[in-house]
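Chemist: just a sequence and a predicted model for now, questions to come.
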Amino acid sequence: MPKLSETEKDARRRRVLDGARRCFARHGYEGATVVRLEREIGLSRGAIFNWFPSKQELFLALAAEDNERLHTLFAEGGFDALLAAVTEHEPDWLAVYLEFGRRLKADAGLRERWITIAPPEARERSREWIEQGQAAGELRSDVSADEIGKFLGVVIDGIVSQRAFGFDPPDGELVLRFVRDAIRPGERDRGQAPESSSA
């Protein structure tokens with residue numbers, strides 16, 4: 001069997017991840033059997049699990065990729081970029097995102113494994129974006145960066161849930177207007193220093 005170049009290896013790994021995402025989105029974690037993964041990806045189980053040692057590791061790789069991508073979008077483009085990702089992009093990854101959250105809640109072993117492959121750097125970059133906005137007077141400072149982050153997370157998770165369940169995405173401009181009204185500074189926090197983040 002000819003040896004794959006680095007470019008070919010990257011393309012093969014990408015093929016596995018993209019096909020697995022479609023399979024998990026369509027059938028859920030339990031329903032994404034090896035046979036279905038083979039059919040969706042178009043490779044044998046040996047070729048698939050050459051890149052990932054198990055179905056769980058493949059699923060975790062997808063979750064880690066999405067986690068990194070969303071935090072990077074937020075850190076580099078702010079909430080506008082994050083909102084565009086969950087309202088405009090292909091919804092397959094949204095179903096995987098939701099499925100991962102369900103499994104993470106129910107499986108303590110999975111949570112422990114997740115900590116080892118999802119380091120806090122991406123989350124820290126997101127927090128820095130909020131703290132910089134507070135320091136510049138662009139975001140309200142009567143609440144902590146963590147509290148703003150949690151609020152924005154609730155908004156995003158709500159949209160993800162709706163889309164994953166098959167509902168149309170909300171009007172992005174309307175969501176942005178409400179979010180901006182909620183997190184921009186006003187009379188309530190004029191002159192107050194940002195609260196310290198807790199974690």
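Modeler: That came through fine.
Chemist: which SS state does Gly166 fall under?
Modeler: Reducing the assignment to helix, strand or coil with DSSP: H, G, I helix; E, B strand; the rest coil, the entry for Gly166 is coil.
Chemist: list the buried residues for the top helix by length along the chain?
Modeler: Secondary structure of the chain per DSSP state H: the longest helix is helix 55-88. Under the neighbour-count criterion of 16 or more other CB atoms under 10 Å, helix 55-88 has 55, 58-64, 66-67, 70-71, 73-75, 78-79, 82-83, 85-87 buried. Glycine gets a C-beta too; all of them are placed from N, C-alpha and C.
Chemist: for it, packing partners?
Modeler: When contacts are defined as 3 or more CB pairs under 8 Å, 6 or more residues apart in numbering; DSSP states H and E, helix 55-88 sits against helix 6-31, helix 34-41, helix 92-106, helix 108-117, helix 121-135, helix 145-164, helix 172-183.
Chemist: any chance of CSV for these, columns mean neighbour count and mean pLDDT?
Modeler: Compiled in CSV, the helices and strands packed on helix 55-88 are given as follows (neighbours: other CB atoms under 10 Å; pLDDT from 0 to 100):
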stretch, mean neighbour count, mean pLDDT
helix 6-31, 16, 91
helix 34-41, 16, 96
helix 92-106, 18, 83
helix 108-117, 12, 84
helix 121-135, 17, 89
helix 145-164, 17, 91
helix 172-183, 13, 94
